[in-house]
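S.K.: predicted coordinates and the sequence they were generated for:
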Amino acid sequence: MSVMLTEKAASEVKKIMLDQKLEPGTVLRVGVAGGGCSGFQYSLGFDKQWDPKADTLKQQHGVDVVVDKKSDLFLDGTTLDFHDGIDKRGFTFNNPNAKKSCGCGSSFQA
């Protein structure tokens, strides 16, 4: 699988799932969509369903992470982390395939 979740990101995902009382079997879906100021946008959310023919599932630090095969091409080697500091707070993508990123880090060009 292309996306690696850090322990800190996994911990935050588990906290959110618990706070939102998401039902068992819910997965973290990571993907790419067209748009954003640099061409592609990262997508991150929770999903109750996934398709083994169209998606890849991997458990990381106790979190089921799903990436669709199309997004997998753009996310190969990407690390999803979580920062909680005075300078920034939230999930961040470190994508070695991004040739250009926007200032906020939510979109990129491959």
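M.R.: It's in.
S.K.: what residues does stretch 55-69 touch?
M.R.: Applying C-beta atoms under 8 Å, 6 or more residues apart in numbering, the contact partners of stretch 55-69 are 1-7, 10-11, 13-14, 26-31, 47, 50, 54, 72, 75. Every C-beta, even on glycine, is put in place using the N, C-alpha and C of the backbone.
S.K.: closest to the centroid, which residue in the chain?
M.R.: For the chain, the residue lying nearest the average C-alpha position, counting by C-alpha atoms, centre = their mean, turns out to be Val30 (3.7 Å).
S.K.: who's in contact with that one?
M.R.: 3, 42-44, 65-67, 71, 75, 80.
S.K.: picking up where we left off before, just the buried subset of the contacts of stretch 55-69, please.
M.R.: Among the contacts of stretch 55-69, the ones that count as buried by 16 or more other C-beta atoms under 10 Å are 1-6, 10, 13, 27-31, 50, 72, 75.
S.K.: return the distance of the residue in the chain sticking out farthest from the centre relative to Gly45.
M.R.: Ranked by distance from the centre of the chain (C-alpha atoms, centre = their mean), the top residue is Ile86, with 22.4 Å. Distance of Ile86 to Gly45, given as C-beta to C-beta, to the nearest Å: 27 Å.
S.K.: got it, and Ala98?
M.R.: Taking C-beta to C-beta as the measure, Ala98 and Gly45 are separated by 20 Å.
S.K.: the strands in this structure, which residues?
M.R.: 3-5, 27-34, 40-47, 55-60, 63-68, 78-84, 89-94, 100-101, 107-109 (DSSP state E).
S.K.: closest to Lys21 out of the ones you listed?
M.R.: Between Lys21 and the strands of the chain, the shortest gap by C-beta to C-beta is with strand 40-47, which sits at 11.5 Å.
S.K.: tell me how far the closest one lies from the chain's centre.
M.R.: 6 Å (C-alpha atoms, centre = their mean, to the nearest Å).
S.K.: same question for it, mean pLDDT?
M.R.: Per-residue pLDDT over strand 40-47 has a mean of 91.
S.K.: report the angle between that strand and strand 63-68.
M.R.: Counting by axes from the mean of the first three to the mean of the last three C-alpha atoms, to 10 degrees, strand 40-47 lies at 130 degrees to strand 63-68.
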